[in-house]
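1. Can you look at this prediction? I've put the sequence above it.
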Amino acid sequence: MKGQPNSMMKPPTKKAESVKGIFRPDPDTEQGGDAQVLMAVNVKRSTKQDLKLYAASHDRKQKEIVEDAILEYMENHN
């Protein structure tokens, strides 16, 4: 707000004693699971459109198809 100091500019009020005090908990280590992470790649527009149509016509999510394809590729191309 105008005329008020920016809260982002205030110095920290306490010192972090470990990384846990700075970052959010890692779901992999906190819950023992395999957390999902964002992975961005560039593909041709037509490939994206084909994936979208394929996913819709097979009642699947695009991310499921992409993950299955990556895992299958790595398994078959050692």
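-> Thanks, I have it.

2. Please, where are all the helices along the chain?
-> Residue ranges of the helices in the chain, as given by DSSP state H, are 27-31, 45-57, 62-76.

3. Need these in JSON lines (columns: mean pLDDT, distance to Lys10 and mean neighbour count).
-> C-beta: built from backbone N, CA, C; applies to glycine. What follows is these, written out as JSON lines (pLDDT from 0 to 100; distance: least, C-beta to C-beta, whole Å; neighbours: other C-beta atoms under 10 Å):
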{"stretch": "helix 27-31", "mean pLDDT": "61", "distance to Lys10": "29", "mean neighbour count": "11"}
{"stretch": "helix 45-57", "mean pLDDT": "98", "distance to Lys10": "44", "mean neighbour count": "11"}
{"stretch": "helix 62-76", "mean pLDDT": "96", "distance to Lys10": "39", "mean neighbour count": "11"}
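
4. So for Glu17, which of these sits nearest?
-> Using C-beta to C-beta as the criterion, the shortest distance between Glu17 and the helices of the chain is 17.7 Å, found for helix 27-31.

5. so who does Gln62 touch?
-> Shown here is Gln62, whose contacts under the criterion C-beta atoms under 8 Å, 6 or more residues apart in numbering are 51-52, 55.

6. For these, could you give me TSV that also reports distance to Gln36?
-> As requested, those are exported to TSV (distance: C-beta to C-beta, whole Å):
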residue	distance to Gln36
Leu51	18
Lys52	19
Ala55	17
